[in-house]
Structure formats: structure tokens, C-alpha cells
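> Next one to model:
(chains A and B)
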Protein chains: 2
Amino acid sequence: MTYCVGMLLDEGLVFLSDSRTNAGVDNISTFRKTTVFESKGDRVLVLLTAGNLAVTQSVVSLLKERLATPEAGLTLHAAPNMFEAARCVGDAIRRIHERDAAALREQGIEFASSFILGGQIGGEPPRLFQLYAAGNFIEATRETPYFQIGESKYGKPIIDRIVRPETSLRDGAKCALISMDSTIRSNLSVGAPLDLTIYRRDALHAQQRLNVTADDDYFRIVRSSWSEALRQAFRALPDPPWG
Amino acid sequence: MTYCVGMLLDEGLVFLSDSRTNAGVDNISTFRKTTVFESKGDRVLVLLTAGNLAVTQSVVSLLKERLATPEAGLTLHAAPNMFEAARCVGDAIRRIHERDAAALREQGIEFASSFILGGQIGGEPPRLFQLYAAGNFIEATRETPYFQIGESKYGKPIIDRIVRPETSLRDGAKCALISMDSTIRSNLSVGAPLDLTIYRRDALHAQQRLNVTADDDYFRIVRSSWSEALRQAFRALPDPPWG
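Numbering: from 1, shown residues only, chains lettered A, B, ... in the order given. Below you'll find the predicted structure:
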């Protein structure tokens, strides 16, 4: 399993992914799920992946291969805007589907994959998309300024309560880490190291790309302080009138 | 969908269930998912149900029918201890499976059901079980003093952080309501009114059976105060060193 979250904030974009993959509980490995496509001063695109690793790695490889052979069609470096960039990723998913889905089906394996794509191209404001295995996609709005893929439920309540478009990049990153901590505590198949990518609007390069290990000082503070803060908040809540 | 939680605490047992059922988002109804079997001074058994409503209602009906015809086999009122009571429920699940599973399979419908059974019989300490669709079951321990069925993920992190065997009944009920609130916010198919049942050890009757509606005063306080408390806890957490 996997947990990834992307947020579209007024100040920019925040992306967080874990790095655990598993084929059964006895076959656990570490694979990064964040890929950054950057052309400094022109564009930054961040792609997070969840699902069948062979599928998602193939999609990323195909996108990279195309950068080297732009004559083959639209590439992430040539897309005129984020909508076209999302179509470009959707197209790569469909190519991999054409190649692999039937063989997977033969083995009873689903063509399972989902993606978060966010970034900024030139003067267009930053945009954030979630893509499905069919290559179709939806875009984040002010009402729903974030997307999650993979094991999303444990970490959703805190994001729903905190994240608004006005949330700062700093608070967005803090909230993403808390959301990840709640997920890691409850689901063995999600684990550190984490990839945290912070993009400040109009910078046109990815300012912060952090590799957060399980013993990272700040992540350890988040883990212990948040548990304690929750317990305090719990104690501060009025007692039920009955019982 | 459904969300139910049962907790085994040193002071006794706490049970909370929602009441929403749905066959698609355009067919939503209210059905209670808590059934109390009580024989004052001798035993209290509380059964929570999740899954296919036709299956779970049939199981409860069969258990009640058997109370009227004890010669047909072990009943919940005659079971000598909670382990035998859990077997009695498991047996009812298997009888309904024999009758309905093949017909459901014909229609492509899964025989989906899960149950939480808790209570106390005579001088035995209170015990808590989770039963599966196959009629088998597991029992709560001091390390894992609670069970959830239905849409369990949204409401799990807060329980993991708060509930220990030493937790009071009052705090257990408060935590169950917070956990339910997190679930209701994130999943349309879980909804009030709620059934809250609190059983104090050795009472041998269910002290508190509360029908908590969406506009119940205390539940409204929990909903608004908890959101605010979380936001405060979030602000109190140290900022990341980067960003």
C-alpha cells in the first residue's frame, strides 16, 4: 500500500509520499513514489504514484523516455499548461494499460494505479490533479484543495479540519506529516522514509525536497507531540452529562 | 455502510453504533444496529451488526426466535459464559449462511456481515468478541481492548491514542463519540441517530442506553469543540524547521 497527499494552497503546493511497497506482508521494500520534472524558470511538475508498482514505474519511465524523444508526441517539458500536462500523464497511463492490462488480467491482477500531479507552468497559477487508472482526471478547487491516493482514510479527518486554500505552506507541510503519522500508526504497509516536496508559487523550481526518515528530528517531534496534544485536547473536552 | 465500536474497559463496556444503511446513495434508510439481550441480575449481552442488512437482521431474528424455543439448542439466555454466547451467535450466522449465501451468490452479492458481541454472564468478567461472516470470532484482550466493524478507518487513530483498559467508562463513551464524529464527517453512509450503550461491570443490567440524535446537546458540543481543540493542538505543535 501507499499513502500520498498533495495540497493546492494560495502560497503554493505541498506533496508528501511514503516509500513502502509490499507484495504480501512478507515482501516489503522501499521505493520512492515522488518524481519531480523540473525545467528551472519555466516549469515544475511533481508526480506522486500509488498502486501496482510495475504499472506506476512504467508510467514514469515512459514519461521520462518521451522527454528524450519529443518528436513522439507531447512531453511534460513541452506541455503548454497543466491541463495538457495532466493529459500527457493520462496518455502514458493508457499506453501502459494497452501493453500490460490484458496480461495482468490473465493472472487475476487488477491494473490498479492512481496519480497526483501538481505544478506550475510559466505564468499560469499552480494547479493540482488526481489521475485514475483509466487516464482520466479531476482538478483540485478552492472547495477541495487537496487530493490523497492510496491508504487515505486514516489521515483524512485532520486534513479536512485544517487545510484551506489560505493555509500556509508551513502549516500544509505540518498537517501532511500529521496525516502521514496517523496513517503509519494504523497501517503497516505505509512507512518512512517520506518524500516531502514544497513548491512556492511562481518560484518555478522546487524549493524544498526533503527526505524525512523515521528518526528525523522534526518528524519525531510531530509524532510524540501530536499524540500528547490529542490526549490533552481530549481531556479538555467537556465530560458527557450521563454515565 | 455502518460504523460500530465496542470497548472492553476495566470499569465495564461501551458500545456505539450509527443507524444509516444504504443501497446506493439514493436509497438511504435508518435502521438500528444495536440489540441488547438482557436478563436482569443474570446477564447482559450487547450485539452490534454491520454488513448486508438482510443478513444481519436475519441473524438477530434467529437469535430471538431461539430464545422462544430453547429446546432447539443453545440460546443467548442459557449460554453458561460469554464464549458460549459468541458460539451461539456464530452458529446463527452459519445457519443464515446455509439458507441465503447461495442465492446471494447467484445475484453477485457477497454474504457480508460482521458483529461485535460484548457483555457479562453471572460472575464471569465482562468479555468482548468480534465475529466474522464465517461465524468464527476473536476476543478482545488488554493489548487490544476494542473492536470496530464497518467503516472503521477514519475513527481509528483517536481510539488508538486514547483507549486503554484503565480508561473510564465516561472517557470511553466520549472517545467513541469523537471517533464516530470523524467517521460521519468523512463518510456520507454513516449517520445519526446513534445508539450508545454503557455497561458498568457487575451491574448485570445495561445502565445507559442512549439515543443520540444529530442535534443532541452533548454530541453537538463534541462536534464543535473537538474541531476547535484539534485546530488549537495543531497550532501549538512546533513549526517545521524548514519551509
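
> alpha carbons only for contacts and neighbour counts from here, please
Will do.

> Quick check: the residue of chain A nearest chain B.
A:Tyr154 (4.9 Å; C-alpha to the nearest C-alpha).

> That residue and A:Phe137, how far apart?
Going from A:Tyr154 to A:Phe137 by C-alpha to C-alpha, to the nearest Å gives 23 Å.

> for A:Ser168, same thing?
From A:Ser168 to A:Phe137 the distance is 26 Å (C-alpha to C-alpha).

> now A:Leu13
Counting by C-alpha to C-alpha, the gap from A:Leu13 to A:Phe137 is 18 Å.

> Likewise for A:Leu196?
Per C-alpha to C-alpha, A:Leu196 is found 23 Å from A:Phe137.

> Comparing those two, which residue is more hemmed in?
A:Leu196 (22 against 19; other C-alpha atoms under 10 Å in any protein chain shown).

> Just list whatever residues bridge to the more buried one.
A:Leu16, A:Leu210 (DSSP bridges).

> contacting residues around it?
A:Val14, A:Phe15, A:Leu16, A:Ser17, A:Ala173, A:Gln208, A:Arg209, A:Leu210, A:Asn211, A:Val212 (C-alpha atoms under 8 Å, 6 or more residues apart in numbering or on different chains).

> I'd like to know how far the second one sits from B:Gly172.
Taken as C-alpha to C-alpha, the spacing of A:Phe15 relative to B:Gly172 amounts to 35 Å.

> what pLDDT, on average, does the longest helix that chain A contains get?
The longest helix of chain A (DSSP state H) is helix A:82-106. Taken as a whole, helix A:82-106 has an average pLDDT of 96.

> and if you look at stretch A:162-175?
96.

> Please save the CA atoms from that stretch in PDB.
Extracted C-alpha coordinates of stretch A:162-175, given in PDB (Å, rounded to 0.1, in the frame of the first residue of the first chain):
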ATOM      1  CA  ILE A 162      -7.100  22.100   8.900                       C
ATOM      2  CA  VAL A 163      -6.400  22.600   5.200                       C
ATOM      3  CA  ARG A 164      -8.000  25.600   3.400                       C
ATOM      4  CA  PRO A 165      -6.500  27.500   0.400                       C
ATOM      5  CA  GLU A 166      -5.300  30.200   2.800                       C
ATOM      6  CA  THR A 167      -3.300  27.600   4.900                       C
ATOM      7  CA  SER A 168       0.400  28.500   4.700                       C
ATOM      8  CA  LEU A 169       2.900  26.100   3.100                       C
ATOM      9  CA  ARG A 170       4.500  25.600   6.500                       C
ATOM     10  CA  ASP A 171       1.100  24.600   8.100                       C
ATOM     11  CA  GLY A 172       0.300  22.500   5.000                       C
ATOM     12  CA  ALA A 173       3.500  20.500   5.400                       C
ATOM     13  CA  LYS A 174       2.900  20.200   9.100                       C
ATOM     14  CA  CYS A 175      -0.600  18.900   8.500                       C
END
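
> Mind checking if that stretch is in reach of chain B?
Yes - interface with chain B: stretch A:162-175 contributes A:Ile162, A:Leu169, A:Arg170, A:Asp171, A:Ala173, A:Lys174, A:Cys175 (C-alpha under 8 Å from any C-alpha of the partner chain).

> Contacts only, for the last one.
In this structure, A:Cys175 makes contact with A:Ile158, A:Ile159, A:Ile162, A:Val163, B:Phe234, judged by C-alpha under 8 Å, 6+ apart.

> Recalculate using a threshold of 10 Å.
Contact analysis of A:Cys175 by C-alpha atoms under 10 Å, 6 or more residues apart in numbering or on different chains lists A:Gly155, A:Ile158, A:Ile159, A:Arg161, A:Ile162, A:Val163, A:Thr167, A:Leu169, A:Asp181, A:Val222, B:Phe234.

> Out of those, grab the one that's most surrounded.
A:Gly155 (27 neighbours).

> What segments of chain A are helices?
Going by DSSP H, chain A shows helices at A:53-68, A:82-106, A:156-162, A:169-186, A:217-236.

> now for these, which one comes closest to B:Val5?
Judged by C-alpha to C-alpha, the one of these that comes nearest to B:Val5 is helix A:169-186, at 16.1 Å.
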